[in-house]
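Q: Any chance you can model this:
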Amino acid sequence: MRTLTLPILAALLPMAAAAQTHSWGERNTDFPPVFPEQFRAPLTDSGVALKTEVLAGDLVHPWGIATLPDGQGWLVTERAGRMRHIAPDGTVSDPVAGTPDVLAESQGGLLDVALGPTFAEDRVIYVTYAKPVEGGSATAAAKMVLAEDLASVSEVQDIFVQEPASPTPMHYGSRIVFLPDGTAAITTGEHSRDEERPFAQDLDKTYGKVVRVNLDGTTPTDNPYVGQEGVIDTIWSYGHRNIQGAALDAEGTLWTIEHGPQGGDELNRPEPGANYGWPVISYGKRYDFREADPGGPIGIGQAVEEGMEQPVYFWDPVIAPGGMAFHSGETFADWNGDILSSSLRPGGVVRLSLNDAGLVVEEERLLMDLGRVRDVEIQPDGSFIVLTDFEDGEVIHVTPAD
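A: Below you'll find the predicted structure:
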């Protein structure tokens, strides 16, 4: 979504302010949305009864999941640094051998996992992780070949390593999505600390970015900053805080969901060369319950600035988003085209319905009794799987109740 000019913003603000009259809980800021559909779409109850079945448990903070073809089950990462194969009957394998070493501290570890677009031919999978490097760690993405017996990987090769290294094991972002043109989008975070947050605005660093690479790690020639001196040419968009959700819609367009601070989680459609504002603007505020981050405004203390993008949608209070997916399939067919986003706080799954213009027109909260949900994976039949992010996390299959 492109930046709206300030005269248009001024005309929309009174109408947008009137759209805030929901009983959603106390807001952290009073910034009005720029347009009505940007905030607090009508809360709905679709009346769909859900059944949950635990496929596997006792996983240590599971983070990412990939569905294997032909009914072979799933690959699941544990943030502690392990990847497991979950069989259709729920059997959990020993750790898959050969995965990269990770920095398993705080929010760091082994994070996303995805089957490559040519997995059926070459068995190549991709992971993202907190890579230990001199000076700390960095968000990294690597490709590797999964053995036929699912017990090991080989030919591990990094295709992206965030620059520079960070001493702070926080805000790694870390989703990988394969675009229709054969490239990959990888999301990063800005590592949280005041000293590092401004790097989200720097084009000579890959903090707080969506990066786009070829599958061998080289730079696509049509990236927006190719050939510009002093700029990292893998950058696609910038000014992000911590993007932990990314998915393609049915038309192949990339969408992301990122964590805000206290308030201000965002749904975006990242466009090449666009600046999404962090930490200059935000619909949230600084955390007021941390001694090192004692409340108050973010950046310029505003949510709108000329030349910076507005989110498609934002939350205040937050949903603390993890992974996201666009629904498709015969099961829950009424939700086809809707976004299912995991929520860490208050927990569960958030469903967003979009209109033909790509605006959010409905929101529903599902499965909130599950607590911290880290990822959502749609199955071929339209049912879906969620991961709960606990020391004894679970892989849960969600189907319609009988």
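Q: Can you list the residue ranges for helices in this protein?
A: In the chain, the helices defined using DSSP state H lie at 6-18, 119-122.
Q: Could you list the low-pLDDT ranges of the stretch 201-350 of the chain?
A: Along the stretch 201-350 of the chain, the parts satisfying pLDDT under 70 run over 289-294.
Q: Repeat the analysis, applying 80 as the threshold.
A: Within the stretch 201-350 of the chain, the ranges that satisfy pLDDT under 80 run 288-295.
Q: residue boundaries of the strands in it?
A: For the stretch 201-350 of the chain, strands defined by DSSP state E, counting those that start in this stretch occupy the ranges 209-214, 235-238, 243-248, 254-258, 265-268, 313-315, 321-326, 339-343, 348-354.
Q: number of nearby residues for the nearest residue to residue 207 once chain neighbours are set aside?
A: Leaving aside its sequence neighbours, residue 207 sits nearest to residue 199 (CB to CB, 6 or more residues apart in numbering; 3.7 Å). From N, CA and C alone the C-beta is placed, and that goes for glycine too. Residues contacting residue 199 under the criterion other CB atoms under 10 Å number 23.
Q: In terms of mean pLDDT, which of the helices of the chain ranks lowest?
A: The weakest mean pLDDT among these belongs to helix 6-18, with a mean of 37.
Q: follow-up on the earlier one: hmm, residue 208 and the residue nearest to residue 207 touching each other?
A: Yes - the criterion here is CB atoms under 8 Å, and residue 199 meets it with residue 208 at 6.6 Å.
Q: hmm, back to that, distance check, the residue nearest to residue 207 against residue 215.
A: Residue 199 sits at a distance of 26 Å from residue 215 (criterion: CB to CB, to the nearest Å).
Q: quick one on the thing from earlier: spell out which residues are contacts of both of residue 199 and residue 208.
A: The contact sets of residue 199 and residue 208 overlap at residue 190 (CB atoms under 8 Å, 6 or more residues apart in numbering).
Q: follow-up on the earlier one: residues contacting the residue nearest to residue 207?
A: Residues near residue 199 by CB under 8 Å, 6+ apart: 190, 191, 205, 207, 208.
Q: so can I have CSV of those residues showing neighbour count?
A: Listed next are the contacts of residue 199 as CSV, based on neighbours: other CB atoms under 10 Å:
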residue, neighbour count
190, 30
191, 28
205, 21
207, 26
208, 30
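Q: Closest one to residue 237 out of those, please.
A: residue 208 (9.6 Å; CB to CB).
Q: Would you agree the closest one is in contact with residue 237?
A: No - with contacts counted by CB under 8 Å, residue 208 stays clear of residue 237, the gap being 9.6 Å.
Q: Now residue 369. Nearest residue, chain neighbours left out?
A: In space, and not counting its chain neighbours, residue 369 is closest to residue 348: 7.3 Å by CB to CB, 6+ apart.
Q: what does stretch 209-224 contact?
A: 116-117, 141, 143, 157-160, 178-179, 181-188, 200, 226, 232-238, 240, 243, 246, 254, 256, 270, 272-273.
Q: I should have written stretch 334-345 there, sorry.
A: 46, 48, 245, 247, 249-250, 255, 257, 267, 318-329, 349-354, 365, 368, 372-376, 378, 382, 384, 386-387, 389.
Q: ok, now with 7 Å
A: 245, 250, 257, 318-328, 349-354, 372-376, 384, 386, 389 (CB atoms under 7 Å, 6 or more residues apart in numbering).
Q: Mind listing what's buried along it?
A: 335, 338, 339, 340, 341, 342, 343, 344 (16 or more other CB atoms under 10 Å).
Q: Looking at those residues, spot the one nearest residue 165.
A: For the buried residues of stretch 334-345, the closest approach to residue 165 (CB to CB) belongs to residue 344, at 26.3 Å.
Q: and the gap between that closest one and residue 35?
A: 27 Å.
Q: Equivalent analysis for residue 375, please.
A: Residue 375 is 30 Å from residue 35, by CB to CB.
Q: Mind checking which of the two has more residues around it?
A: Higher neighbour count among residue 375 and residue 35: residue 375, with 29 against 18, using other CB under 10 Å.
Q: who's in contact with the more buried one?
A: Counting by CB under 7 Å, 6+ apart, residue 375 touches 63, 64, 65, 322, 323, 342, 386, 387.
Q: what's across from the nearest residue to the fifth one once chain neighbours are set aside in the sheet?
A: Which is residue 323. Distance criterion CB to CB, 6+ apart; nearest residue to residue 323, sequence neighbours excluded, is residue 375 at 3.5 Å. Assessed by DSSP bridges, residue 375 has beta-bridge partners residue 387.
Q: what's the distance between residue 375 and residue 94?
A: 22 Å.
Q: Please apply the same query to residue 311.
A: Residue 311 is 42 Å from residue 94, by CB to CB.
Q: Looking at those two, which is more packed in?
A: Between residue 311 and residue 94, counted using other CB under 10 Å, the more crowded position is residue 311 (26 against 9).
Q: which parts of stretch 122-139 are buried?
A: Across stretch 122-139, burial judged by 16+ other CB under 10 Å covers 123-133, 136-139.
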